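Participant: with the input below, show me the fold.
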Amino acid sequence: MSFDGFEAPLKARLRLFVIGVLVFSLLCTLLARLWYMQVMSSEDYTQAATQNHTRQVLVPAPRGTIVDAAGRTLVGNRVSLVITVDRSVLAKLPDSQQNAVLARLAKVLRQKPRDLKARTMLCGEPGASKPPACWNGTPYQPIPVAKDVSEQVAIEVMERREDFPGIAAESQTLRAYPEPYKVNAAHLLGYLSPITTEELEALDKAGQDSVPHRSDLVGRAGVERTYDQLLRGTPGVKDVIVDAVGYTTGIQKQTAPVPGATLVTSIDARIQASVETQLKSAIMTARKQTDPVTKRKYVADSGAAVVLDTKTGRVVAMASYPTYDPGVWVGGITQRELDALYSTKSGTPLVSRALQGQLAPGSTFKPITTAAAMGAGFSPKTRLDCSSYFEVGNRRFKNYESASYGMIGFDQALALSCDTFFYRIAYALWLKEGGNSTDVNTHDPLVAMAKKFGLGTPTGVDLPGEVSGRIADRKWKKQYYDSQKDYYCKLSQNPPAGTSAFLKQFSREFCVDGYKYRAGDAVNFAIGQGDTTVTPLQLASVYAALSNGGTLYEPRVVQSWIGANGKKHEIKPTVKAKLPVPSSTLRYIDKALQETVKSGTAAWKFNGFPVDQIPVRAKTGTAEVYGKQTTSWLASYTDRYAVVMMLSQAGTGSGAGGDAVRKIYETLYNIKPAPPAGKQPGQ
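Facilitator: Numbering: from 1, shown residues only. The predicted model follows:
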């Protein structure tokens, strides 16, 4: 009996069963997956969906304030009415309406429509201007287009909503300068400007998220730059909800910003104001006086003054002339204003002469020469001729104004500022240490001591842009020769028409053996002449070390900072070095410098000053500069303060700066000003 008739239906039913099982399995799998997505992973997908339509907007933190040692505000914040443009609202309008809105707004703000539109464009998009004209921040944040607008303008914009869609008036904080005692302190405080594209790219390369920083203002100078991170604080974050097109529809959540720290400086606003006033007064006075050499009025183009606390190295006051108004940067700076700050005609006001002015120190260098000589075989008993000149080869190195005082010691040589005394010291040491040797490693006690006093290197002050000055020793002269040989050799062979006889001779001599460190270089070095340069801050640090017994500090402007939580963090003084000078030598120099204001070159400016109660030690300096008028230096100190003033192309040390330095001391010690002193020449 055959079963073929039963096998066919059985196979069909089996196939249907297998298919049914497969379909059921697939349905179960889909249902399980759907259940997993809807139930088990609902939070993850909800968060992902939310992130897909939210954007983070930076909420800037209030920048920290900067105060003086007594708590007076030097830099703070003020509230300003600002007009903003919301791109997400404008984007919903046709281009013609957008342009019409901006045109109406430009008319109200008294701006050019083209300039206003440029401010609303994102940096990098087609047609956008370069920063700071374009907007470097997030497109989801209202863009400020006008600051410090009047209430009338703000009301007009807010009341005419139909004419100004997406336009708002709101309050923002801007930098403010209260100017206690009318202080300026621009070079100490610094200024802010928007972060640049290059800086944002640097953040990206460093692996940091640059987006939260796109609308940041960054410290560009002074303590604003050095302590930028502390002052900036922590920005808040606002999550705004946007639709598929990118329009803002609401706020999901936001975190409050954390204000920046308060910087407590060592600046005394009262002293700072006095230093600024006296520096400017000294320059204005010098410009009215006639240079006896050139028979022209002194140029007195620039200057600087520094007051240090000798016990800690902290900066009590620091001024540079010419200066500028730091408020010019608030709310953006015009091209004309920016050009003026960099203009040589206006004296390049952005340059801080206290940190960046490199000039020959003149006779203020002599205490360093004295310290070196005392450690190289000379002593307080040494007596040398203070003749009217000292002859080296075929050249006569004259004493100032050809004065002659006979046989004197180091004490009188310092007080009277006798050049020929120190010429003899330097010449003897030059012969002893190798003379015309071309070995750049030849030991030189004067050079070694200058380096020990911190010259030739930055002081380490907590301000940006400090320069190192220069010690013109054998090594430097060889390097300079190698870099300039071709130029001067060419100049000596084919001098252009109008080249001075001096420059022709110098070029010929330099081309032949300009690498040699001659006796003339050595004697010039001993009195702070030649190619050696220092900054006023460096010299103030030197004299502060003479005051405190030999401790060379790194100057500091900020002494502490207070965080948003109210906790105070002190910045302790930093010792840079200890001078390798015996205390007996320091005491000897100290006593000699006291005579400068009693019977020496600065005495005529300190007549009537209570030097017995407040002993002032000082050294005057008149540095000669080829092609220019002399630089005036007056470096001084008491048991508590070091005061240094430099005046470029202004005359003699005491003649140009004596009155000003005296008045600074009168302010420091609350001394009633004495009647004007008599007039007589001084170095």
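
Participant: list the contacts of the closest residue to Arg232 other than its chain neighbours.
Facilitator: Of all residues not flanking Arg232 in the chain, Gly260 sits nearest, at 5.4 Å (Cβ to Cβ, 6 or more residues apart in numbering). Glycine gets a C-beta too; all of them are placed from N, C-alpha and C. Neighbouring residues of Gly260 by Cβ atoms under 8 Å, 6 or more residues apart in numbering: Ala61, Pro62, Arg63, Gly64, Leu230, Leu231, Arg232, Gly233, Ala564.

Participant: pipe those into a markdown table and attach neighbour count, secondary structure and pLDDT per row.
Facilitator: Shown next, in a markdown table, are those (neighbours: other Cβ atoms under 10 Å; DSSP: H, G, I helix; E, B strand; the rest coil; pLDDT from 0 to 100):
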| residue | neighbour count | secondary structure | pLDDT |
| --- | --- | --- | --- |
| Ala61 | 19 | coil | 84 |
| Pro62 | 16 | coil | 88 |
| Arg63 | 23 | coil | 92 |
| Gly64 | 24 | coil | 95 |
| Leu230 | 18 | helix | 94 |
| Leu231 | 25 | helix | 94 |
| Arg232 | 24 | helix | 88 |
| Gly233 | 19 | coil | 85 |
| Ala564 | 16 | coil | 90 |
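
Participant: which two of these have the greatest separation?
Facilitator: The most widely separated members of the contacts of Gly260, counting by Cβ to Cβ, are Pro62 and Leu230 (13.1 Å).

Participant: the closest residue to Gly71 other than its chain neighbours in helix, strand or coil?
Facilitator: Distances taken as Cβ to Cβ, 6+ apart place Val264 nearest to Gly71, at 7.7 Å, with adjacent residues excluded. Assigned by DSSP: H, G, I helix; E, B strand; the rest coil, the conformation of Val264 is strand.

Participant: was I right about Val264 contacting Ser560?
Facilitator: Yes. Val264 is within contact range of Ser560, at 4.6 Å (criterion: Cβ atoms under 8 Å).

Participant: please identify which of those two sits among more neighbours.
Facilitator: Per other Cβ atoms under 10 Å, whichever of Val264 and Ser560 has more neighbours is Val264, with 22 against 16.

Participant: for Asp309, see how far away the more buried one is.
Facilitator: Computed as Cβ to Cβ, to the nearest Å, the Val264 to Asp309 distance reads 14 Å.

Participant: cool, and Pro113?
Facilitator: Relative to Asp309, Pro113 is positioned 55 Å away (Cβ to Cβ).

Participant: comparing these two, which residue is more hemmed in?
Facilitator: Under the criterion of other Cβ under 10 Å, the comparison of Pro113 against Asp309 puts Asp309 first, with 23 against 15.

Participant: give the contact list for the more buried one.
Facilitator: Ser266, Val315, Val316, Ala544, Arg640, Tyr641.

Participant: again with Ala304
Facilitator: For Ala304, the contacting residues are Leu279, Met318, Ala319, Ser320, Tyr321, Ser352, Arg353, Ala354, Gly357, Pro536, Met645, Met646, by Cβ under 8 Å, 6+ apart.

Participant: compare those and tell me which is most surrounded.
Facilitator: Met646 (34 neighbours).

Participant: excluding chain neighbours, what is closest to that one?
Facilitator: For Met646, ignoring the flanking residues on the chain, the nearest one in space by Cβ to Cβ, 6+ apart is Pro536 at 4.7 Å.

Participant: same question for Val315.
Facilitator: Val557 (4.8 Å).

Participant: from Arg225, how far off is the one you found?
Facilitator: Taking Cβ to Cβ, one finds Val557 at 12 Å from Arg225.

Participant: who has more neighbours, the two?
Facilitator: Comparing Val557 with Arg225 by other Cβ under 10 Å, the one with more neighbours is Val557, at 24 against 17.

Participant: tell me where the stretch 501-650 of the chain has strands.
Facilitator: Here the stretch 501-650 of the chain has its strands, by DSSP state E, counting those that start in this stretch, at 551-554, 558-562, 568-570, 574-578, 617-623, 631-637, 641-648.

Participant: quick one: the last one to chain centroid distance?
Facilitator: Remark: strand 641-648 is offset 19 Å from the chain centroid, using Cα atoms, centre = their mean, to the nearest Å.

Participant: ok, stretch 115-125 next?
Facilitator: 31 Å.

Participant: list the buried residues for it?
Facilitator: The neighbour-count check on stretch 115-125 (16 or more other Cβ atoms under 10 Å) flags Leu116, Lys117, Ala118, Arg119, Thr120, Met121, Leu122, Cys123 as buried.

Participant: same list, those residues, but as JSON lines with secondary structure and distance to Thr551 please.
Facilitator: Output for the buried residues of stretch 115-125, formatted as JSON lines (DSSP: H, G, I helix; E, B strand; the rest coil; distance: Cβ to Cβ, whole Å):
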{"residue": "Leu116", "secondary structure": "helix", "distance to Thr551": "58"}
{"residue": "Lys117", "secondary structure": "helix", "distance to Thr551": "60"}
{"residue": "Ala118", "secondary structure": "helix", "distance to Thr551": "55"}
{"residue": "Arg119", "secondary structure": "helix", "distance to Thr551": "53"}
{"residue": "Thr120", "secondary structure": "helix", "distance to Thr551": "57"}
{"residue": "Met121", "secondary structure": "coil", "distance to Thr551": "56"}
{"residue": "Leu122", "secondary structure": "strand", "distance to Thr551": "54"}
{"residue": "Cys123", "secondary structure": "coil", "distance to Thr551": "50"}
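
Participant: quick check, nearest of those residues to Gly20?
Facilitator: For those, the nearest to Gly20 is Leu122 (60.4 Å; Cβ to Cβ).

Participant: the residue nearest to Leu491 when sequence neighbours are not counted: how many residues sit nearby?
Facilitator: Nearest non-adjacent residue to Leu491, counting by Cβ to Cβ, 6+ apart: Ser507, 4.4 Å away. By other Cβ under 10 Å, the residues close to Ser507 number 21.

Participant: which residues of the stretch 401-550 of the chain fall in helices?
Facilitator: Along the stretch 401-550 of the chain, the segments classed as helices by DSSP state H, counting those that start in this stretch run 410-416, 419-432, 445-452, 474-493, 501-513, 519-526, 536-548.

Participant: shouldn't Ile84 be in contact with Pro142?
Facilitator: One thing to correct before we go on: residue 84 is Thr, not Ile. Yes. Counting by Cβ under 8 Å, Pro142 is a contact partner of Thr84 at 3.6 Å.

Participant: show me whatever sits in contact with both of these two.
Facilitator: By Cβ under 8 Å, 6+ apart, the residues touching both Thr84 and Pro142 are Ala168, Glu170.

Participant: so where's the stretch 1-150 of the chain uncertain?
Facilitator: Along the stretch 1-150 of the chain, segments meeting pLDDT under 70 span 1-12, 33-53, 55-58, 130-133, 136-140.

Participant: who's in contact with Val328?
Facilitator: For Val328, the contacting residues are Tyr191, Glu337, Leu341, by Cβ under 8 Å, 6+ apart.

Participant: domain map for this structure?
Facilitator: Domain ranges of the chain: 54-265, 269-353+534-558+573-621+631-668, 363-526, per automatic domain parsing.

Participant: Arg13 is nearest to which of those?
Facilitator: Closest to Arg13 of those, according to Cβ to Cβ: domain 54-265, at 52.7 Å.

Participant: so how far is the closest one from its chain's centroid?
Facilitator: For domain 54-265 - counting by Cα atoms, centre = their mean - the centre lies 24 Å from the chain centre.
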